[in-house]
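A.B. asks: Got a predicted structure plus its sequence, pasted below:
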Amino acid sequence: MGLRILLTENEKFLIDEFYRKMENIVETFRQGKHENSTKVALESMEHLIDEYLRRKTKLNLRCNDYEYTVSNFVLSKIIDIANANSVTRITPTTISRYKDPVTEEEAIDEWTESGEVVFSIISKLLLAGAKVEPDFYNDSMVDEIMFYNDEPIFAKCEEIKDELKSIAYESLVNRNEQAKVDDITVEVDNNLILFQLPQNSIVEVAKIINSKVGNNLNIESGILQIGESIIRVESVGGKRNYTDVLEGSIEMSFTTEIGNIGIYFSSSDEDSNKIKVELNEESREKFDRLKDQSSLGKNCLLGGKSVLQAIKDGGFERNGSVCVSIELAETIKQSNCVVKEFPSTAAPGSKLGEISCSQSLSSLHSNGRC
């Protein structure tokens, strides 16, 4: 399954907007409107990257007709600028600069003068989870700046991944039964974290979403893949909401005063952008007997809707807008799996956001096209 279907429309818009603005920066550079145009262009790039990292732009995906992912697109433009204006001549063993043919003085190399900005840009991308093609990263102009200087950056990236794996492991209710930290895989794409967990895992989602890693990374959005089940969870203001079911069908069971009420949601055959929400006959009978139907899963959202509204509408849009609400506890499974909602009066110590599945693992590709 490609990551492209994990993007919201807003995320797609941000990527496309970023490409256009980056192209404008490079075009201004080519027109030579500024003195020391190389450094000006690179600083403009860095400011743009800072803005779109804050806006949670995904780095490892591409949209529309663009050839490269966001991170590789940035590297390609940096290399274009380097090749257009550098006077450095590099051989496998030497770096030399030629003299200006008119003044006979050694030419000023704007690329070398801008090395700190380039290092800062690439470091920020790597620490945010960027995956860069070797042809770009090993380009001689980039390598001149990053060689030997990037070791602390890669060490920090590994430290972040190890901490994320530790957070995921601590969220496993049944971790002592079979799972090990090394059984967990994590991938980072800015603020979105993909967790691939062992089959039969039972996950306490509350221990993952909104966890902090170091000073800069807060897990605001997560893709949880347990076996072949994949579900997306997002957070706004520290509150969680399930926004998409990416494989199979899910049963969600709510504990009420008249017994458990189960609802089922799965991809619609008629509309690929819709998740169907249905009740079986027994649950429909219990639902109709509820005195306060709005109390059903009042702390749970489905695609930004209350459970009651999703039932009335017969479903919700994939990756719908995220509304502010708190989800207390669910147990999610695919096929023979169940999502359980506990009432707000649940006793202290009740498990929050438990997800479990018993399917075999399947990989999720990091380079999709939206």
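C.D. replies: Thanks, I have it.
A.B. asks: Which of the helices or strands spans L224?
C.D. replies: strand 221-226 (DSSP states H and E).
A.B. asks: Partner strands of that strand and their direction?
C.D. replies: strand 192-197 (parallel), strand 229-236 (antiparallel) (DSSP bridges).
A.B. asks: tell me the most buried of those?
C.D. replies: With neighbours taken as mean count of other CB atoms under 10 Å, the strands paired with strand 221-226 reach their highest mean count in strand 192-197, at a mean of 24. Glycine gets a C-beta too; all of them are placed from N, C-alpha and C.
A.B. asks: Just the strands from the stretch 101-250 of the chain, written as ranges.
C.D. replies: All strands of the stretch 101-250 of the chain, identified by DSSP state E, counting those that start in this stretch, fall at 185-189, 192-197, 202-204, 212-213, 217-218, 221-226, 229-236, 239-245, 249-256.
A.B. asks: And those strands: which comes nearest S171?
C.D. replies: strand 202-204 (4.8 Å; CB to CB).
A.B. asks: Below-threshold pLDDT in the chain: ranges please.
C.D. replies: Filtered on pLDDT under 70, the chain yields the residue ranges 1-7, 33-35, 63-65, 85-109, 177-178, 236-239, 247-253, 299, 319-370.
A.B. asks: Tell me which of the strands paired with strand 221-226 sits nearest to S76.
C.D. replies: Nearest of the strands paired with strand 221-226 to S76, taken as CB to CB: strand 192-197 at 22.8 Å.
A.B. asks: CA atoms of the closest one as CSV?
C.D. replies: Output of strand 192-197 as CSV, limited to C-alpha atoms (Å, rounded to 0.1, in the frame of the first residue of the first chain):
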residue,chain,number,x,y,z
LEU,A,192,3.8,11.9,11.2
ILE,A,193,5.1,8.7,12.7
LEU,A,194,4.5,5.3,11.2
PHE,A,195,4.7,2.4,13.7
GLN,A,196,4.8,-1.1,12.5
LEU,A,197,4.1,-3.5,15.4
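A.B. asks: Give me the angle between that strand and strand 185-189.
C.D. replies: Per axes from the mean of the first three to the mean of the last three CA atoms, to 10 degrees, the angle that strand 192-197 makes with strand 185-189 is 170 degrees.
A.B. asks: quick one, domains of the chain?
C.D. replies: 3-149, 163-356 (automatic domain parsing).
A.B. asks: Tell me which of those is the most buried.
C.D. replies: Among the domains of the chain, domain 163-356 has the highest mean neighbour count (mean count of other CB under 10 Å), at a mean of 18.
A.B. asks: which stretches of the stretch 251-370 of the chain form helices?
C.D. replies: For the stretch 251-370 of the chain, the helices defined by DSSP state H, counting those that start in this stretch cover 281-289, 307-313.
A.B. asks: just checking, what packs against the shortest one?
C.D. replies: Under the contact criterion of 3 or more CB pairs under 8 Å, 6 or more residues apart in numbering; DSSP states H and E, helix 307-313 touches strand 259-267, strand 274-279.
A.B. asks: Kindly reformat those strands as a markdown table containing distance to T57.
C.D. replies: Compiled in a markdown table, the helices and strands packed on helix 307-313 are given as follows (distance: least, CB to CB, whole Å):
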| stretch | distance to T57 |
| --- | --- |
| strand 259-267 | 27 |
| strand 274-279 | 25 |
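A.B. asks: can you tell which of the domains of the chain is closest to K156?
C.D. replies: Of all the domains of the chain, it is domain 3-149 that lies closest to K156, at 6.3 Å by CB to CB.
A.B. asks: Tell me which residue lies nearest the centroid of the protein.
C.D. replies: Closest residue to the average C-alpha location of the chain: L192 at 2.2 Å, with CA atoms, centre = their mean.
A.B. asks: Pretty sure that residue sits against G222.
C.D. replies: Yes: L192 is in contact with G222 according to CB atoms under 8 Å; the separation is 7.2 Å.
A.B. asks: returning to that earlier point: the domains of the chain: which one's closest to C157?
C.D. replies: Closest among the domains of the chain, once you apply CB to CB, is domain 3-149, at 6.0 Å.
A.B. asks: Could you find the closest non-adjacent residue to the residue nearest to the centre of the chain?
C.D. replies: Counting by CB to CB, 6 or more residues apart in numbering, L192 lies nearest to S221, which is 4.6 Å off, once chain neighbours are set aside.
A.B. asks: ok, that neighbour - contacts?
C.D. replies: Applying CB atoms under 8 Å, 6 or more residues apart in numbering, we find S221 in contact with 56, 191-193, 232-235.
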